[in-house]
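# Here is a sequence with its predicted model. Questions after.
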Amino acid sequence: MQFETGRTSRLGNREINQDRIIVIESDAGSLLVLGDGLGGKPRGELAAQTLVDSVSESMSLLTLPVEHPKKFLHELVRRAHHDILMVGQEQSPPITPGSTAVICLIQNGVAIWAHVGDSRCYLFRSGIPLYRTQDHSYVEQLYQKGKISLKKTYDHPMRNYVTQCIGLNTVEPDIEISNEIELEVGDVLLLCSDGFWEPLDDAQIGMGILEGNLNQTLNKLGERAESIKYPHSDNTSAIATRIISLQQPKKDQDVTASPRKQKKNKLNSAISDIEEALKDYGDEMEK
């Protein structure tokens, strides 16, 4: 598979950037990770950094594609949750940091993602958001229950209150995992923090990433998000991958074939050579 990847992470009107992002790519696939440390809690940036460190450590022992991707993603998030709790207890004095988490795995021509909190994953096709994660937030719950309108979600006073996170407490979060989604060339997977998606609507984002360099586009969208919320803009982070080719890497048959299969291939080749010789020189041999 071939990808074009872009990323941005901006401070906004904050003293510390508590967002963390990472992309791990290979010929066989890609893994995108984003965490947004919880504001109002101690060391949110430590929690988000621990998320990307935990995933990086896990991936150093694996290669893509992975078997059982749903189980794989669930374990990545679960392990990061416990790593954050452990890192928090190692501080002096001990603290309980927390973070959102969204991870997208792209392999074998499909995408699948896991998330906790209100950082989002989108799949855009021709600029249209076909899929996106459903926020684990108090306001999203009100909207889904029909208690508030979509318009009121934009300026609700508890808009940034998340109902699920990793770290923070010993109870494991409810990790939501998507189904596998078949990809097409040109599809864009986007992961972003609420500082990125909240000031922008989905249509703005989709049209922005439809064409052009993803890195430049994400920086422009991040700058726009900051200016809309100025002077109260949040950390603004996003990573995106555009599918350039779905072709899987070719395997070296000579290397991957078993010794028995290699001998059989050589025997078949020798038989073919003999048959060709008999065909070319058969008449002379009869004389």
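Looks like it arrived, so ask away.

# make it CA atoms for all contacts and neighbour counts henceforth
Fine.

# Give me the neighbour count for the closest residue to residue 104 other than its chain neighbours.
Distances taken as Cα to Cα, 6 or more residues apart in numbering place residue 113 nearest to residue 104, at 4.2 Å, with adjacent residues excluded. Per other Cα atoms under 10 Å, the neighbour tally for residue 113 reads 27.

# May I have the secondary structure class of residue 113?
At residue 113, secondary structure determined by DSSP: H, G, I helix; E, B strand; the rest coil is strand.

# Please tell me how far it sits from residue 46.
Going from residue 113 to residue 46 by Cα to Cα, to the nearest Å gives 23 Å.

# for the protein, what spans make up the strands?
For the chain, applying DSSP state E gives strands covering 2-10, 19-26, 29-36, 98-99, 101-107, 110-116, 120-125, 128-132, 166-167, 176-177, 181-182, 188-192, 236-245.

# closest to residue 67 out of the ones you listed?
Across the strands of the chain, residue 67 has its closest neighbour in strand 101-107 (10.3 Å, Cα to Cα).

# give me the low-pLDDT residue ranges for the protein?
Applying pLDDT under 70 to the chain flags residues 149-159, 249-287.

# ok, the nearest residue in space to residue 194 that is not next to it in sequence - contacts?
The spatially closest residue to residue 194, leaving aside those adjacent along the chain, is residue 119, at 5.7 Å (Cα to Cα, 6+ apart). Contacts for residue 119 (Cα atoms under 8 Å, 6 or more residues apart in numbering) come out as 34, 35, 36, 100, 101, 102, 135, 191, 192, 193, 194.

# burial of the spatially closest residue to the third one that is not a sequence neighbour, as a residue count?
Nearest in space to residue 36, with sequence neighbours left out and distances taken as Cα to Cα, 6+ apart, is residue 19 at 4.4 Å. Residues near residue 19, counting by other Cα under 10 Å, number 29.

# Most neighbours of all the contacts of residue 119, which one?
The contacts of residue 119, ranked by neighbours (other Cα under 10 Å): first place residue 35, 36 neighbours.

# what sits opposite it in the beta ladder?
With DSSP bridges as the criterion, residue 35 is bridged to residue 20.

# Does it touch residue 20 like I think?
Yes: between residue 35 and residue 20 there is a contact under Cα atoms under 8 Å: 5.3 Å.

# any common contacting residues for those two?
Common neighbours of residue 35 and residue 20, counting by Cα under 8 Å, 6+ apart, are 48, 49, 52.

# could you dump those to TSV with distance to residue 146 and neighbour count?
Formatted as TSV, the shared contacts of residue 35 and residue 20 follow (distance: Cα to Cα, whole Å; neighbours: other Cα atoms under 10 Å):
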residue	distance to residue 146	neighbour count
48	32	29
49	36	22
52	36	22
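
# With distance to residue 240 added, can I get the residues you listed in a markdown table?
Formatted as a markdown table, the shared contacts of residue 35 and residue 20 follow (distance: Cα to Cα, whole Å):
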| residue | distance to residue 240 |
| --- | --- |
| 48 | 18 |
| 49 | 19 |
| 52 | 16 |
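
# how much space between the residue nearest to residue 194 and residue 49?
15 Å.

# tell me the contacts of residue 73?
103, 105, 113, 114, 177.

# now do residue 185
So residue 185 contacts 242, 243, 244, 245, 246 (Cα under 8 Å, 6+ apart).

# Who wins on neighbours among these?
Counting by other Cα under 10 Å, top hit in those: residue 242 with 24 neighbours.

# Can you name the residues that contact it?
Counting by Cα under 8 Å, 6+ apart, residue 242 has contacts 3, 4, 5, 185, 186, 187, 188, 189, 214.

# Leaving out sequence neighbours, find the closest residue to the third one.
To tie it back to what came earlier, the one meant is residue 5. Excluding the flanking residues, the one nearest residue 5 by Cα to Cα, 6+ apart is residue 241, at 4.4 Å.

# Just grab the bridge partners of that neighbour for me.
With DSSP bridges as the criterion, residue 241 is bridged to residue 5, residue 189.

# Please tell me how far residue 17 sits from residue 108.
Distance, residue 17 to residue 108, by Cα to Cα: 34 Å.

# same thing with residue 74?
In terms of Cα to Cα, residue 74 sits 19 Å off from residue 108.

# Residue 178 contacts residue 116, doesn't it?
No: the pair residue 178 and residue 116 fails to qualify as a contact (Cα under 8 Å) at a distance of 11.9 Å.
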